[in-house]
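Undergrad: Sharing a model that was predicted from the sequence below.
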Amino acid sequence: MLTIIGLKHCTTIQKAKKYLENQGLEFHEITDIRENLPSSENRCKTA
């Protein structure tokens, strides 16, 4: 299962949610990044 991290009311996040649902992919939840910052272990590292 996936967890979407972003702004809950962002239209892009809502479009992504709809796309995932239409593709038959399951996701656990949408985590609002303003309320719950991802831990350093869960963040992507950039070069």
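TA: Thanks, I have the structure now. Residues are numbered from 1 along each chain as shown.

Undergrad: Show me where this protein dips below the pLDDT cut-off.
TA: Filtered on pLDDT under 70, the chain yields the residue ranges 38, 40-47.

Undergrad: What segments of it are strands?
TA: Counting by DSSP state E, the chain forms strands over residues 2-6, 27-32, given from the N-terminal end onward.

Undergrad: Give me the contact list for the longest one.
TA: So that's strand 27-32. The list of residues contacting strand 27-32 from outside it, by C-beta atoms under 8 Å, 6 or more residues apart in numbering, reads 1, 2, 3, 4, 5, 6, 7, 8, 13, 17, 20, 38. From N, CA and C alone the C-beta is placed, and that goes for glycine too.

Undergrad: Direction included, what does that strand pair against?
TA: With DSSP bridges as the test, strand 27-32 is paired with strand 2-6 (parallel).

Undergrad: Give the buried residues for the strand it pairs with.
TA: 4, 5, 6 (16 or more other C-beta atoms under 10 Å).

Undergrad: so the last one touches residue 15, yeah?
TA: What that stands for is residue 6. No. Using C-beta atoms under 8 Å, residue 6 makes no contact with residue 15, being 11.0 Å away.

Undergrad: How many residues are close by residue 26?
TA: Residue 26 sits with 8 neighbouring residues when counted by other C-beta atoms under 10 Å.

Undergrad: likewise residue 15?
TA: For residue 15, the neighbour count with other C-beta under 10 Å is 10.

Undergrad: try residue 20
TA: 14.

Undergrad: now swap in residue 9 and tell me
TA: Under the neighbour criterion other C-beta under 10 Å, residue 9 is assigned a count of 9.
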